[in-house]
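> structure of the sequence below:
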Amino acid sequence: MSEGIFDAGTNYAIRPAWRRKATPTYSGVRIAAPGRLHMNVFDFSRMGIVYPGGGGIGFSTATGRNEVHLSVDHSGSAAPPSTPTARHLLKLFKELVGYKPNDIEVGIEKRITEAHVGYGSNVTHNTAVLWGLNVLFGTPFSVSELFEILTLNYVEIAKDGEHIYWGMDTGVGEAALLHGGVVWVDPDVKYVGRCDAGNMHVITAHGDPKRLRIDSAAIEDGSSDDTQMSGRKEEQLVAQKCLKYQQKYGATLLSFLERSLKPAFLSNDLSRFWDLGWKLNEFGTFKMLQVVYDPDILLCMEKEAREMGLSYFGLSSAGPSVFGVATDLQTCERALPVLEARFPEVFHGFRIARAGESITTRIDP
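Residues are numbered from 1 along each chain as shown. From the prediction side, this is the model:
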């Protein structure tokens, strides 16, 4: 087995204060978790394996969706969850609450199919599973505790589909789903707060890495016996390139965040916040990722989005998914066919949906 890969349920980060007794309160719960868009990473140098960091701004998108159903199987012989990350989180949760019976079933009913392109497919999946377990057991953990448990135990699925590995996590995805709205997480993974999303809608599309990537030899998919996800290598490569770029723009970014963007955010002034977003693109993540993806295409698409009246346009996480924000549905509906017709060979899966919604729960009758 490759270095860094391990079996589900064999590696945890547990704080003693998290341990408390709990048993199931309901017979079943259904959880729906939207996807995540990561607008900007604040500090790439703080991102690493095992220890979360980097922070940033983000929000949810209903263009992607994960759904899970958690229930109590009174026969006492529950089947294990179908994904190793869900198996891992189930064992972790049972360890925290001191629960021994094998009667908890975690059904994965829907998953975001686009992985490692910016929708936070795995962070959304993990958050849905742990949130659902917490609800099923009568919410023994607070939202802030769930945030800590998730970020300190962020794992991804290995290429073999059976094992897991520690992933890179900024905390933005978990915060977006747990709190809703547009969220701000500092580089040390401290949740700062949220800005009301209102009637915010978003256009999303995922790019073709082969057409967008500057370094065509960066990542090869599935050509070796290595069981680590190519997505992890992708994240590490992008982070390395962005680290070099941040050395040039880091001080400018920090000053802009503290003097301009954060005050607008804390004032709940989303209109001003998005206006400043265009300026952020000149030296933030959108600019940094132009050392990875073709800047001519990205800048052309940004220009088209702005001319169509979108409030903001950017790349999510390490991409190459893009998104355009509007404060109303109609602007998105006008912009989508224009963007789709302009970039048909590079971006695919154009969709419109509400943005900024939090995770939702339904208790079985």
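> all strands for the stretch 1-150 of the chain, in order.
5-6, 28-40, 56-72, 104-110 (DSSP state E, counting those that start in this stretch).
> give me the low-pLDDT residue ranges for the stretch 1-150 of the chain?
For the stretch 1-150 of the chain, residues meeting the criterion pLDDT under 70 lie at 1-3.
> helices or strands up against the helix or strand encompassing residue 297?
Secondary-structure element containing residue 297, defined by DSSP states H and E: helix 295-307. Applying 3 or more Cβ pairs under 8 Å, 6 or more residues apart in numbering; DSSP states H and E, we find helix 295-307 packed against strand 312-315, strand 321-326, helix 329-342. To be clear about C-beta, it is placed using only N, CA and C from the backbone, and glycine gets the same treatment.
> list of residues touching the first one?
With Cβ atoms under 8 Å, 6 or more residues apart in numbering as the contact definition, strand 312-315 has outside contacts at 39-40, 118, 274, 277-278, 281, 285-286, 289, 293, 298, 301-302, 305-306, 321-325.
> which of the residues you listed count as buried?
With burial judged by 16 or more other Cβ atoms under 10 Å, the buried subset of those is 39-40, 118, 274, 277-278, 281, 285-286, 289, 293, 298, 301-302, 305-306, 321-325.
> about what we covered before: any idea how far the helix holding residue 297 is from the chain center?
How far helix 295-307 lies from its chain's middle: 24 Å, per Cα atoms, centre = their mean, to the nearest Å.
> what is the orientation angle of it with strand 321-326?
Interaxial angle, helix 295-307 versus strand 321-326 (axes from the mean of the first three to the mean of the last three Cα atoms, to 10 degrees): 20 degrees.
> now helix 295-307: mean pLDDT?
Helix 295-307 shows a mean pLDDT of 97.
> average pLDDT across the helix or strand hosting residue 276?
Per DSSP H and E, residue 276 falls inside helix 270-280. Mean per-residue pLDDT for helix 270-280: 97.
> adjust the sequence numbering to begin at 210 for everything that follows.
Noted, 210 is the first residue going forward, which turns the last one into helix 479-489.
> could you point out which of the helices and strands packed on helix 504-516 sits nearest residue 411?
Between residue 411 and these, the tightest spacing by Cβ to Cβ is seen for strand 530-535, at 5.3 Å.
> where along the stretch 260-409 of the chain do the helices fall?
For the stretch 260-409 of the chain, the helices defined by DSSP state H, counting those that start in this stretch cover 293-306, 330-345, 352-361, 381-388.
> could you check how far the residue sitting nearest the centre point of the chain is from residue 239?
The centroid of the chain falls nearest to residue 329 when counting by Cα atoms, centre = their mean (3.0 Å). Distance from residue 329 to residue 239, counting by Cβ to Cβ, to the nearest Å: 20 Å.
> the domain parsing of this protein - what is it?
What automatic domain parsing lists as the domains of the chain is 214-403+568-572, 412-563.
> gap between the two ends of the shortest one?
Distance across domain 412-563, first residue to last, is 9 Å (Cα to Cα, to the nearest Å).
> on that earlier part again, out of the helices and strands packed on helix 504-516, which is closest to residue 557?
Closest among the helices and strands packed on helix 504-516, using Cβ to Cβ: helix 538-551, at 9.0 Å.
> just checking, what packs against the closest one?
Applying 3+ Cβ pairs under 8 Å, 6+ apart, one finds that helix 538-551 makes contact with strand 410-416, helix 504-516, strand 530-535, strand 556-563.
> now the second one - C-alpha only, CSV.
C-alpha atoms of helix 504-516 as CSV (Å, rounded to 0.1, in the frame of the first residue of the first chain):
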residue,chain,number,x,y,z
PRO,A,504,-4.9,33.0,-18.8
ASP,A,505,-6.2,34.1,-22.2
ILE,A,506,-9.2,31.8,-21.9
LEU,A,507,-9.9,32.7,-18.2
LEU,A,508,-9.6,36.5,-18.8
CYS,A,509,-11.8,36.3,-21.9
MET,A,510,-14.5,34.5,-19.9
GLU,A,511,-14.2,36.9,-17.0
LYS,A,512,-14.7,39.8,-19.5
GLU,A,513,-17.7,38.2,-21.0
ALA,A,514,-19.2,37.5,-17.6
ARG,A,515,-18.8,41.1,-16.5
GLU,A,516,-20.3,42.5,-19.7
